[in-house]
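Asker: need a structure here:
(2 chains)
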Amino acid sequence: SQQGEEDPQALSIQEGENATMNCSYKTSINNLQWYRQNSGRGLVHLILIRSNEREKHSGRLRVTLDTSKKSSSLLITASRAADTASYFCATDAHAAGKSTFGDGTTLTVKP
Amino acid sequence: DVKVTQSSRYLVKRTGEKVFLECVQDMDHENMFWYRQDPGLGLRLIYFSYDVKMKEKGDIPEGYSVSREKKERFSLILESASTNQTSMYLCASSLWGTGGFATTGELFFGEGSRLTVL
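Answerer: Next up, the predicted model:
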């Protein structure tokens, strides 16, 4: 069963603009993570936010978590063509010991 | 850097063949996972393992088995491949208990194995 669902499914922006992706989930979680996947490759971890955190930054990435709404957002600021990829959220449900992924958002950044 | 290596990037097999997908990690991680990725379905967990000789079913274990004889190696086995098992298979590993009891923490992925079953 899919725990996380990303929105939008696809996003196309110009270089320099900001990109925002959202993730909703269904059950209580220990943490939520965001991953990036370039076409035909494995996933790369971007950032982890714990259930007791509300916001986290890493370089041009900003992640927020609202556990009352069971949702998270990933903001990429000043996007670059190299940010073109699929982005996935993964939730680690309480006491499950495994991560469940959503379907992903495909981001295209046009030069 | 953690490295997760999947033995084959591309495989083509025939229906009914036995298929082995191998995954090796070099960072002494306790947890190892096998996912499959299909368009529109995201990543779905097939099996995972917290320790040697230990395995747990994920969300879609049917048609698959796994083996973990050594800590660094986690193998996915398709006993009799079928066309609906054509997919991208992703192996991942993580430290046990990162961030608390029974939490997964950061997953490190291999490059994936794209399997086509004819």
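
Asker: phi and psi next, for residue A:80.
Answerer: The phi/psi pair for residue A:80 (degrees, to the nearest 10) reads phi -120, psi 160.

Asker: nope, residue A:82 is what I meant
Answerer: phi -70, psi -10.

Asker: and it, how many neighbours?
Answerer: 10 (other C-beta atoms under 10 Å in any protein chain shown). The C-beta positions use only the backbone N, C-alpha and C, and glycine is treated the same way.

Asker: look up how far residue B:49 lies from residue B:29.
Answerer: According to C-beta to C-beta, to the nearest Å, residue B:29 stands 10 Å off from residue B:49.

Asker: correction: residue A:104
Answerer: Counting by C-beta to C-beta, the gap from residue A:104 to residue B:49 is 25 Å.

Asker: which of those two has more neighbours?
Answerer: Each of residue A:104 and residue B:49 has its neighbours counted (other C-beta under 10 Å); residue A:104 has more, 27 against 20.

Asker: right, and that one touches residue B:42 too?
Answerer: Yes. If you go by C-beta atoms under 8 Å, residue A:104 and residue B:42 touch, sitting 6.0 Å apart.

Asker: now for the two: what residues contact both?
Answerer: residue A:88 (C-beta atoms under 8 Å, 6 or more residues apart in numbering or on different chains).

Asker: check which helix or strand covers the most centrally placed residue in chain B.
Answerer: In chain B, the centroid-proximal residue (C-alpha atoms, centre = their mean) is residue B:34; its distance is 2.2 Å. Secondary structure from DSSP states H and E places residue B:34 in strand B:31-38.

Asker: buried set for that strand?
Answerer: Neighbour-count burial for strand B:31-38 flags B:31-37 (criterion: 16 or more other C-beta atoms under 10 Å in any protein chain shown).

Asker: which SSE is immediately downstream of that strand?
Answerer: strand B:42-49.
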